[in-house]
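S.K.: Give me coordinates for this.
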Amino acid sequence: MKKLIWLSLIASFLFACEKSEYLSEGNYYFIRHKGAAMPVWVKGNIASGVFLITVHGGPGSSGHEFAVTKSFAELEKDYAVVYWDQRFSGLSQGDPKKSSLSIDQFVEDVDVVVDFVQQQFNNPKLFMLGHSWGGGLSAAWLGRNNNQQKVKGWIDVDGSVFDSLEVQVVKNWTLERVPAKIAEGKDPKFWQYVIDWYQQHPAPKYSDKEPYIFAAALDTTFDAVSLADTNQIDYGKLLLRSPYSLAYFTNKVDARFADGLDFRPELRRITIPALVLWGKDDPTLPIELADFTFNTLGTTPDRKTKVEFERCGHSPHYEQPTRFVGVMREFMERYR
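M.R.: Residues are numbered from 1 along each chain as shown. All right, here's what the predicted structure looks like:
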């Protein structure tokens, strides 16, 4: 409660300083369900009757981050886009119980959001996009209770679906590259620490932060600084012009609830059109996981497509917006 009051006071101050362009665009709702008040922001071409529901990563990130990217601004010209923050994540409010941190509850929340969009907007045609953790969560929802019949197609962007495989792939990917770093003589103590850490943790867990920190430290992907002019997130606007956005930097999820996740059964049950998008240089979820996801999908070969993005890390929608939008439009127009 103290946190909510504090955020409200700062939000009021920001409103007094500058009008928020974010809450004045589209339709903004809070869906209350089992203690959580989850924001749902619908923007774009609502009249198209085609809606793209986004499922963000983390767990604990924010769907609002999508909303200030060039790629999604382009998609909004043709379709309505639904940006949603999961419980305990991003801009979500309320007072949900810690016991509600479970895969089943997150899947139920997806269902609540989908039903809300259908009812609020007169049963539009739906597509679902999941990024990172959101890829796994959306797959879990699609593969249960015949939910996939509610949507026209699924887009998985560098999605996490099977942690035992994922953490081992990240481990191998990192350790293959560490000797070169040591040979370069750049911070050899740190890279020796990486080797030592893995020797002490031969079977890391999904919730362990170290593997992802180590992989990112290899700096093998794009140069984020050089892409600053074309890359998409204006954090100044996100932080300073949106009163709710302060919560994005304060809400965190204890990811241990996701240890042991395995959405392979759900993947095999998915038969709707599917588009798998992956950064070829993704250190967080290396490219071989794209093949695993694509091959495990139950969708027939003629209705599923895998696209790899060269010189691209974990987020093609940020790093290569033009190609990302083109591939998305082609898929959605084909199956709308």
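S.K.: burial measure for residue 183, as a count.
M.R.: Residues contacting residue 183 under the criterion other C-beta atoms under 10 Å number 10. No exception for glycine: its C-beta is placed from N, CA and C like everyone else's.
S.K.: Show the pLDDT at it.
M.R.: Residue 183 carries a pLDDT value of 93.
S.K.: that's a strand at it, yeah?
M.R.: No - applying DSSP: H, G, I helix; E, B strand; the rest coil, one finds residue 183 to be helix, outside a strand.
S.K.: Please report how far it lies from residue 176.
M.R.: Separation of residue 183 from residue 176 (C-beta to C-beta, to the nearest Å): 13 Å.
S.K.: same thing with residue 332?
M.R.: Here the criterion is C-beta to C-beta. By it, residue 332 lies 37 Å from residue 176.
S.K.: mind showing which ranges of the stretch 101-250 of the chain have poor pLDDT?
M.R.: Along the stretch 101-250 of the chain, segments meeting pLDDT under 70 span 219-250.
S.K.: Between residue 332 and residue 176, point out the one with more neighbours.
M.R.: residue 332 (23 against 10).
S.K.: And that one, which helix or strand is it part of?
M.R.: helix 321-335 (DSSP states H and E).
S.K.: can you list contacts of that helix?
M.R.: For helix 321-335, the surrounding residues in contact (C-beta atoms under 8 Å, 6 or more residues apart in numbering) are 50, 52, 69-71, 74-75, 78-79, 127, 152-153, 155, 230, 232, 273, 275, 277, 305, 307, 309, 316-317.
S.K.: my read: residue 44 touches residue 74, true?
M.R.: No - with contacts counted by C-beta atoms under 8 Å, residue 44 stays clear of residue 74, the gap being 9.8 Å.
S.K.: Tell me which of the two has more neighbours.
M.R.: Taking neighbours as other C-beta under 10 Å, residue 44 and residue 74 compare with residue 44 leading, 24 against 17.
S.K.: Now do the nearest residue to the more buried one once chain neighbours are set aside against residue 285, distance only.
M.R.: Nearest non-adjacent residue to residue 44, counting by C-beta to C-beta, 6 or more residues apart in numbering: residue 76, 3.1 Å away. Look at residue 76 and residue 285: by C-beta to C-beta, they are 26 Å apart.
S.K.: and these two? which has more neighbours close in?
M.R.: Remark: of residue 76 and residue 285, residue 285 carries more neighbours, 27 against 19, as counted by other C-beta under 10 Å.
S.K.: Isn't the more buried one up against residue 156?
M.R.: No - here residue 285 does not reach residue 156: they are 10.6 Å apart, not a contact under C-beta under 8 Å.
S.K.: what's the neighbour count on residue 34?
M.R.: Neighbour count of residue 34, defined by other C-beta under 10 Å: 13.
S.K.: thinking it is in contact with residue 105, fair?
M.R.: Yes - the pair residue 34 / residue 105 is scored as a contact, 7.0 Å apart, by C-beta under 8 Å.
S.K.: looking at it, residue 102 is touching residue 257, isn't it?
M.R.: Yes - the criterion here is C-beta under 8 Å, and residue 102 meets it with residue 257 at 5.9 Å.
S.K.: which residues in this protein form helices?
M.R.: For the chain, the helices defined by DSSP state H cover 2-17, 70-78, 103-120, 133-142, 163-184, 188-200, 210-217, 235-240, 264-269, 288-296, 316-319, 321-335.
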